[in-house]
Every structure is written in structure tokens, then in C-alpha cells.
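> Quick check, what structure comes out for this input:
(chains A and B)
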Amino acid sequence: MTALEYLLFPGFIFIVTASFLVSWIDMKITAFLEDRNSRSLLQHLFDVIKLTRKEIVVPRDASIVLFLISPVLSFCTLIAVCMILVRAVMFGEGFLGDIFVVFYLMLLPSIAVVLGGVSSFNPLSYVGAVKNMNRIIFYELPLVMAINIVIIKTGGMIGVQHIIKWQLENKVVMGSVSGIIAFFIFVICMQAKMAQIPFNIFEKEFDIAKGANMEYSGGLLCLFMMSRWVLLLITPLFASIMFLGGINSITGITKYFIVFIIMGIVKKTYFMGENNVKTASLRNPLLVISLIGVLLAIIGL
Amino acid sequence: MNRNFSKSLWVYHFTASSCMGCNTSIVDAVEAEGVLEKYGIVFVDSIRHADCILVTGIINFRNLAKLKVLCNQISKPFYIIALGNCSLNGGVFNDSYNNSGSLDKHMLTDVAISGCPPKPAMILMGLLELEKKIKIKKIIKRKRIITRVKKL
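Numbers count the residues shown, from 1 in each chain, chains lettered A, B, ... in the order given. Here you go, the predicted structure:
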């Protein structure tokens, strides 16, 4: 890869612009469902430029290295994930076992939030970090199971481009019972990964005031915000690659937006139903369902 | 560059011994079909994220010290808005033994919104007035990129 590719396409500028657009569409959907006004298209850009021009305040007792590194770690890993996925979709390039690399790298932003919370040496940030760790334990195992189902269904493919190719040649994973179960688990786990409602308990406004991100300001806060928008871009992309056979054509892009809208509606449905869902109570049913899915996939259903 | 500041204003609400009338008005303004969000105005939970402090209620001797601590903790540059008659001139609590005077007496106030309580539309107008003021001002320069202060 050349430096231009790292910078332009499918690099930094492409990913950041696309994530701005996607998160704006998400806000539009939310505003439409709530029947209210939403932010303008350039609002993210205004926020980012403003935050980069503001002062970064570091608490006196904080571990300064960890405090400064965590947001950078969070953002850079997500950019790397996005580049791997976009290259696999657009150019059919990749390496053996890159699905595990993607899975591992997607865990790091959540760990970075925990590190940031702990390093800032604030009691409320501690509470946020612990709750965030709880969230990670909740969603990681069912997510592994969902990805296992895809690997079993595709006959042991462990490369992103191989999974896409297999689905284009045969049939999509969503076309089977175990595939539908895996997609259902994946959507719920990804809601937790993105810290959407009701899994945003670690940053509840009135309880612990943004939790782990409480002490962050200026450019560092901006990096955390941007990594959340990039995650919003990646999640439907990852889902459409794993379960619907990639987004190579115009119909593929429709697949992306269908998954995107489904995730948006799921988020709002949770909100309309019950605000304070205990995430821990969801873990065991999800694990059982995912195990059933794995068994079905082994049988061949 | 000031345009970015004026289009994205993050507000931290500080309640200094208020009767909660102003707070109810703020809730009404925030809930008014996302009008504030349309203009890039967001109420934040942590002082570190904020660009301006919205002060309601009379400033007594105890919370004056806390307000000064907040001004030290906030990420610079920042602005201060006085909301309601109490923070402007003491309002109905003017004769109180604990009244330390108007907010303007202690620190530079950028915008003052009068009313007891002010209407939600007045709050929106005040916030937009601040955005306009920021836009006209010269380019803001921060003193340092990274500073270390006491924990909250």
C-alpha cells in the first residue's frame, strides 16, 4: 500500500468522511422516529475542529501516558479494521485469518475506554470503567459464537475475502436458520459494542456524568467521539460481509443500508420498551441461543 | 475558525442556589423538538467537555468558591452566561444575608438573560446571541495545548 492509499482511499480521509455521513444518517433516523429536528450535515465537522482547537486538561493525579494513549489506540485500531474490511470488499485483498484480526482489533476500543477511565484517577470514571468492563464480558462470548456460526457455515473459511467469495458462489449465510440466529445475536452484541441504548449504562448522564470519558477534553475527547462514529460505519459493513455476502454491487450497498436501518430501529425499540434493561440478565439467554445456533450450523441447517 | 466555535456550543449548567424555576425553563428549551440541537447547542454532563457555563440562581459565598473551581477545571477558552434575575441582580433573594452580589461582580459574564423565570425562547435567543458574539470576536487562542490541574 502506498502512502496515498493510507491517507485517501481506503485510508483516513475516506473513512472519516464516510463515518460523518453515516452517523448523520443515524441521527436523522433517530430524529425522524422521535419527530424532532436533527443536527446539520456539517455539525460533526464543526465539533471536531472546535475540539481540536481546545485545551487538553489532564488531572494532576492521572497516569499521563495511559491517559494520552487510550483515545489514540481506540481510533487507530478502528481505522485499521475499516481499512481491512474495505480492501476485502473493494479489491478482494486480504490475508489468511484476517477475520480473527478484525475481531481482536474491534475489542481494543472498548479496552481503551476502560484504560482511559482507570488512568484518569476519578471515582466516577472508575465506576464507568468497571461498568464498561462488565459490558465487554457480556457481549464478547456470544459474538464469538456468532462468528463461529459463519465460519462453520462457510466450510471453515477464515479470511474475510474468502467468506465473501464463498457466499457469492453458494448462498448467503442469512439464508439458513443458524444464519438468522447468528445475525440476531450479532445485532444485539454490536448494539452493546457501540454502547447504544440500553447498553450505555456505563455513561449514564445523571449517574456518573459520561463515566470513563468524564475527564477527557479537547482533541482526546474528539478521538473518542470519532472512534464511535467509525464504529457506527464498520458495524453494518461487517454484518453485511458476514451474513449477506459483501457490498460489491449496488444491491450490496442496499444490503448495507438495510442492516444499518435495522440496527437503528432496534436501538429505538429498546428505548421505547424499557430504558433500564439489566444487561447481565440478557447474557445467559444469548449464550444459550448462540449454542443452539452453533449446533444447528454443525447439523447443516 | 471562530465559525466552528459559534456553530458548536456545549453548555454546562451550574445551579447556584436556584428556586428551580430557571431549571424548568431550561428543560423546556431542551425538549422543544430538538431546536437547540439544530443550532449545535448541546448540554453536557462533565465540565471538561463544556465551552460555556450557564449559571442560574443567586451566587452565595459557598457556591461562589465552587464556581471559581469550575472555571479553573474547564477546558479553555470558555464563556459564562447568567440566566435569570437571581444571577443578574439577586432577584427575589436580593436582601438575603448570604447574597454575595451579582455574577457580573465576580467574573466576566458574556451574555445575560433576564426573566423570572426566563421563557424557553429567551434562553434560545441568549444562546444564539452568544454564538453571534463568538463569531464576531477575534480568533481565540488557547494558552497551552496540555495543562495539568487538580482532579474534579
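> Give me the below-cutoff pLDDT ranges for the stretch 201-301 of chain A.
A:201-209, A:270-281 (pLDDT under 70).
> what comes up buried for stretch A:90-102?
Judged by neighbour count using 16 or more other Cβ atoms under 10 Å in any protein chain shown, the buried positions of stretch A:90-102 are A:94, A:98-99, A:102. C-beta: built from backbone N, CA, C; applies to glycine.
> Now flag whichever of the residues you listed is closest to chain B.
Within the buried residues of stretch A:90-102, distances to chain B taken as Cβ to the nearest Cβ reach their minimum at residue A:102, with 30.9 Å.
> measure the closest one to residue A:165 for me?
In this structure, residue A:102 and residue A:165 are 17 Å apart, going by Cβ to Cβ, to the nearest Å.
> Ok, residue B:33 next?
Residue B:33 sits 48 Å away from residue A:165 when distances are taken as Cβ to Cβ.
> higher neighbour count, these two?
A count of neighbours by other Cβ atoms under 10 Å in any protein chain shown puts residue A:165 above the other of residue B:33 and residue A:165, at 17 against 12.
> got the contact list for the more buried one?
Under the criterion of Cβ atoms under 8 Å, 6 or more residues apart in numbering or on different chains, the contact list for residue A:165 reads residue A:92.
> does it sit in a helix, a strand or a coil?
Three states are possible here, and by DSSP: H, G, I helix; E, B strand; the rest coil the one that applies to residue A:165 is helix.
> Say whether chain A is contacted by stretch B:77-92.
Yes: using Cβ under 8 Å from any Cβ of the partner chain, we find that stretch B:77-92 touches chain A at residue B:77.
> what's the offset of that stretch from the middle of its chain?
Mean C-alpha position of stretch B:77-92 versus that of the full chain (Cα atoms, centre = their mean, to the nearest Å) differs by 8 Å.
> Now do the buried residues in that stretch.
Neighbour counts over stretch B:77-92 (16+ other Cβ under 10 Å) mark B:77-91 as buried.
> again with stretch B:26-43
Neighbour-count burial for stretch B:26-43, counted by 16+ other Cβ under 10 Å, picks out B:26, B:29-30, B:32, B:34-37, B:39-43.
> Farthest-apart pair in these, please.
By the measure Cβ to Cβ, the buried residues of stretch B:26-43 have their two most distant members at B:26 and B:40, which lie 16.9 Å apart.
> Let me know the pLDDT of residue A:77.
Here, the pLDDT recorded for residue A:77 equals 93.
> SS state for it?
Secondary structure assignment for residue A:77 (three-state DSSP): helix.
> what's near enough to touch it?
A:105-106, A:108-109, A:112.
> Which of the residues you listed sits closest to chain B?
The shortest gap between chain B and any of the contacts of residue A:77 belongs to residue A:112, at 17.6 Å (Cβ to the nearest Cβ).
> The closest one should be in a helix, yeah?
Yes: the assignment for residue A:112 (three-state DSSP) places it in a helix.
> and the helix or strand that contains residue B:130, how far from the chain's centre?
Using DSSP states H and E, the element containing residue B:130 is helix B:120-136. For helix B:120-136, the distance between its averaged C-alpha position and the chain's averaged C-alpha position is 11 Å (Cα atoms, centre = their mean).
> packing partners for that helix?
On a contact count with 3 or more Cβ pairs under 8 Å, 6 or more residues apart in numbering or on different chains; DSSP states H and E, helix B:120-136 meets helix B:2-7, strand B:9-15, helix B:21-30, helix B:35-38, strand B:79-83, strand B:111-113.
> So which residues make contact with that helix?
The set of residues that contact helix B:120-136 without belonging to it, under Cβ under 8 Å, 6+ apart, is B:2-3, B:5-7, B:9, B:11, B:25-26, B:28-29, B:32, B:35-36, B:39-41, B:52, B:79, B:81, B:83, B:110-115, B:118, B:140.
> Now with 6 Å, please.
Outside helix B:120-136, the residues that touch it by Cβ atoms under 6 Å, 6 or more residues apart in numbering or on different chains are B:2, B:5-6, B:9, B:25, B:28-29, B:32, B:41, B:110-111, B:113, B:115.
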